[in-house]
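Trainee: Here is my input, please return the structure:
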Amino acid sequence: MAVISSMPPEETETLADTLVRGYLSRLGVEETGRLGYLFLRLRRSVSVFLEAIMEEYAQGRFVPMAFEMPVGLPAADDGTPVVRPVTLTTEGGVQVTLSGIIDRVDRYTASDGQEYVRVVDYKTGSRTFSLKEVRQGLHVQLLLYLFALWQGGLPGKGSTPAAADVLSGTTQLLPAGAVYFQVRPGEIPSDGMLPPEEARKKAVDAINRSGIWLKDEEVLEAMDAGLSGKYVPVTRKKDGSLTGKANLQDLAQFGALYEELRSIISGIAGEMADGRSAAQPKTSRGVKECTYCPFGPVCRTGGK
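Mentor: Prediction:
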């Protein structure tokens, strides 16, 4: 299996500089004044982001399969494979197709030949995965991407059977995890100015990952060698049991979640089809979902 090795820091800096300069060129923007400073910060963030990705690949056994993989959308000109969408039917008989673009798809072939897939969604903010919110119908796209691959199979390998067959372990493809990958590092506490190399290491270590993972030790170790807790928030205790903040689900739980999410989305789609759109904003983590919504004057909930 091919291993992606980390570039030396200077090569990562060069790559980040090339990417950002190319972006500025396409925008027709010159690096002057405050814009120049802002894009210098952007180059640093991109460099740290690239190093975090390469460091994770270098220590693990998952390999990248595709970037910006379409789900239920027309094929891209660059030949990126397309995954069949998640489809469902409401109680009223309305057909619903869920589509989108997966930022990154990784793949791992276990020692017994079983294939696993992990989807990664890059986030510039501090989004963390919450199963409670998913069950409220919020922020469901990450899991929908994973289930689209689960249902439709990897492009070029044929479709996989339904959830019932997946639970029996007879399919070619199983879900390994769905992860939010924070693009920018979080807060880095320090009592003073850090040497550049130490500051860079702390920035890479501060890249946060949040999500849901399959409770399978071989698969977890393939994502985080030795279960360090850095790439998957779980470690092994002295007695051999697992501990940590990772949201771990076994295969049966993934299957149940798949069916539950289909029911939730079907219910939402059914209400939309019936013209039911009551202004009943939810509160998530103490913040009303309408806080940043531009349609406050329309629903008049007092959220604006």
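
Trainee: Could you use CA atoms for every contact and neighbour count after this?
Mentor: OK.

Trainee: Report the residue ranges of every domain in the chain.
Mentor: Following the assignment in automatic domain parsing, the chain carries domains at 1-59, 62-273, 277-304.

Trainee: Quick one: the strands in this protein, in order.
Mentor: 63-71, 86-89, 95-98, 100-109, 115-123, 173-182, 209-214, 234-236, 242-244, 247-249, 283-284, 287-288 (DSSP state E).

Trainee: how about those in JSON lines, adding mean neighbour count and mean pLDDT?
Mentor: Shown next, in JSON lines, are those (neighbours: other Cα atoms under 10 Å; pLDDT from 0 to 100):
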{"stretch": "strand 63-71", "mean neighbour count": "19", "mean pLDDT": "89"}
{"stretch": "strand 86-89", "mean neighbour count": "18", "mean pLDDT": "86"}
{"stretch": "strand 95-98", "mean neighbour count": "14", "mean pLDDT": "88"}
{"stretch": "strand 100-109", "mean neighbour count": "19", "mean pLDDT": "93"}
{"stretch": "strand 115-123", "mean neighbour count": "21", "mean pLDDT": "94"}
{"stretch": "strand 173-182", "mean neighbour count": "24", "mean pLDDT": "93"}
{"stretch": "strand 209-214", "mean neighbour count": "23", "mean pLDDT": "95"}
{"stretch": "strand 234-236", "mean neighbour count": "18", "mean pLDDT": "91"}
{"stretch": "strand 242-244", "mean neighbour count": "13", "mean pLDDT": "87"}
{"stretch": "strand 247-249", "mean neighbour count": "18", "mean pLDDT": "94"}
{"stretch": "strand 283-284", "mean neighbour count": "12", "mean pLDDT": "68"}
{"stretch": "strand 287-288", "mean neighbour count": "12", "mean pLDDT": "68"}
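
Trainee: Figure out which of those strands is closest to Arg41.
Mentor: Among the strands of the chain, strand 173-182 comes nearest to Arg41, with 16.2 Å by Cα to Cα.

Trainee: Paired strands for that closest one, with orientation please.
Mentor: In the sheet, strand 173-182 lines up against strand 115-123 (parallel), strand 209-214 (antiparallel) (DSSP bridges).

Trainee: what does it contact?
Mentor: Here strand 173-182 makes contact (Cα atoms under 8 Å, 6 or more residues apart in numbering) with 114-129, 142-143, 146-147, 150, 153-154, 160, 166, 207-214, 219.

Trainee: ditto for stretch 137-152
Mentor: By Cα under 8 Å, 6+ apart, stretch 137-152 touches 71, 83-86, 100, 102, 117-121, 133-134, 158-163, 173-175, 177-180, 258, 261, 264-265.

Trainee: Tell me which stretches of the stretch 101-250 of the chain form helices.
Mentor: Along the stretch 101-250 of the chain, counting by DSSP state H, counting those that start in this stretch, helices occupy 131-134, 141-152, 163-167, 196-205, 217-223.

Trainee: Export only the CA atoms of the second one, formatted as CSV.
Mentor: The reference is to helix 141-152. Output of helix 141-152 as CSV, limited to C-alpha atoms (Å, rounded to 0.1, in the frame of the first residue of the first chain):
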residue,chain,number,x,y,z
GLN,A,141,-24.7,16.4,5.2
LEU,A,142,-21.6,14.8,6.6
LEU,A,143,-23.3,11.5,7.4
LEU,A,144,-25.3,11.7,4.2
TYR,A,145,-22.1,11.7,2.2
LEU,A,146,-20.9,8.6,4.1
PHE,A,147,-24.2,6.8,3.6
ALA,A,148,-24.2,7.7,-0.1
LEU,A,149,-21.0,5.9,-0.5
TRP,A,150,-22.3,3.0,1.6
GLN,A,151,-25.4,2.8,-0.4
GLY,A,152,-24.0,3.4,-3.9
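
Trainee: average pLDDT for it?
Mentor: Helix 141-152 carries an average pLDDT of 88.

Trainee: now the angle from that helix to strand 115-123?
Mentor: 150 degrees (axes from the mean of the first three to the mean of the last three Cα atoms, to 10 degrees).

Trainee: re earlier: packed most tightly, which of the domains of the chain would that be?
Mentor: Comparing the domains of the chain by mean neighbour count (mean count of other Cα atoms under 10 Å), domain 62-273 ranks first with a mean of 17.

Trainee: Ala16: what's it in contact with?
Mentor: Contacts of Ala16 by Cα under 8 Å, 6+ apart are 43-44, 46-47, 50.
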